[in-house]
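Trainee: coordinates only, sequence not included:
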């Protein structure tokens with residue numbers, strides 16, 4: 001199942017077990033699914049259902065206790081720490097509920113940071129940073145610091161930072177959680193625009209209205225995927 005050209009993610013019998021004293025807690029159980037390139041998928045479930053655990057495994061921030069996880073045809077468990085760090089910086093863009101921006105840096109510099117880590121040359125950094133800011137319609141605010149931006153603008157800068165390395169996947173963890181409903185809708189509209197340009201988006205949410213914006217919803221409960229709902233069209 002990992003050789004299909006259109007398969008970006010293939011998870012097979014993923015488990016994440018935490019040892020709390022003498023007790024074992026199954027944060028994730030028997031998770032098996034594939035996600036194709038250019039899908040827009042929501043992961044939904046109540047608090048403690050395993051959403052964040054699954055998101056961390058997909059984003060190569062954590063490893064499963066057992067099971068296989070292939071990303072872009074690579075078996076993640078066989079990769080070195082350096083290879084994983086490279087994947088996190090170049091193949092995956094992260095968007096968080098709290099924007100995680102550098103408070104003293106301008107919007108431009110905040111977006112540029114992943115390119116600096118990557119070792120990109122100055123001209124390439126400038127071009128890619130401008131392109132990412134234009135994509136989220138923040139190029140006219142690039143010299144502003146986070147304290148000078150609204151919540152929605154800060155999230156747009158965070159999304160530009162996630163997109164600047166042209167990743168295979170955009171991972172969004174409750175991306176509208178700190179925003180009012182109008183601003184949240186604007187961010188979701190931006191996600192649809194990004195998706196229409198070819199990006200794969202995986203979004204965690206506990207809100208059904210937000211999750212309904214995706215093409216497909218994976219429902220989690222007690223660490224298990226209990227339903228995989230695809231929208232028509």
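Mentor: Received the coordinates, thanks. Bear in mind that the values here come from a model prediction, so they are computed numbers and not experimental data.
Trainee: In this protein, spot the helix with the most residues.
Mentor: For the chain, the longest helix by residue count, based on DSSP state H, is helix 181-196.
Trainee: average pLDDT across it?
Mentor: For helix 181-196, the mean per-residue pLDDT is 90.
Trainee: Can you mark which positions in it are buried?
Mentor: 183, 184, 185, 186, 187, 188, 190, 191, 194, 195 (16 or more other CB atoms under 10 Å). Every residue, glycine included, has its C-beta placed from N, CA and C.
Trainee: Kindly present those residues as TSV, with separate columns for distance to residue 154.
Mentor: Formatted as TSV, the buried residues of helix 181-196 follow (distance: CB to CB, whole Å):
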residue	distance to residue 154
183	10
184	13
185	16
186	13
187	11
188	16
190	13
191	16
194	17
195	21
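Trainee: coming back round to it: could you point out the helix or strand that follows the longest helix of the chain?
Mentor: As assigned by DSSP states H and E, the chain's next helix or strand after helix 181-196 is strand 200-205.
Trainee: Outside of that following strand itself, list whatever touches it.
Mentor: The contact list for strand 200-205, computed with CB atoms under 8 Å, 6 or more residues apart in numbering, reads 8, 35-44, 51-52, 55, 58, 168-176, 191, 194-195, 210-211, 213-214.
Trainee: Going through the residues you listed, which ones are buried?
Mentor: For the contacts of strand 200-205, buried by 16+ other CB under 10 Å: 8, 35, 37, 39-44, 51-52, 55, 58, 168-176, 191, 194-195, 210-211, 213-214.
Trainee: how far does stretch 31-47 sit from the chain's center?
Mentor: Computed by CA atoms, centre = their mean, to the nearest Å, the chain-centroid distance of stretch 31-47 equals 11 Å.
Trainee: Then stretch 177-189?
Mentor: Offset of stretch 177-189 from its chain centre (CA atoms, centre = their mean): 17 Å.
Trainee: Check what contacts that stretch and list those residues.
Mentor: The contact list for stretch 177-189 (CB under 8 Å, 6+ apart) reads 97-99, 150-152, 155-156, 159, 175-176, 210, 213.
Trainee: Save these as TSV, and put in pLDDT too.
Mentor: Formatted as TSV, these follow (pLDDT from 0 to 100):
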residue	pLDDT
97	80
98	82
99	81
150	92
151	91
152	91
155	91
156	92
159	93
175	88
176	87
210	89
213	91
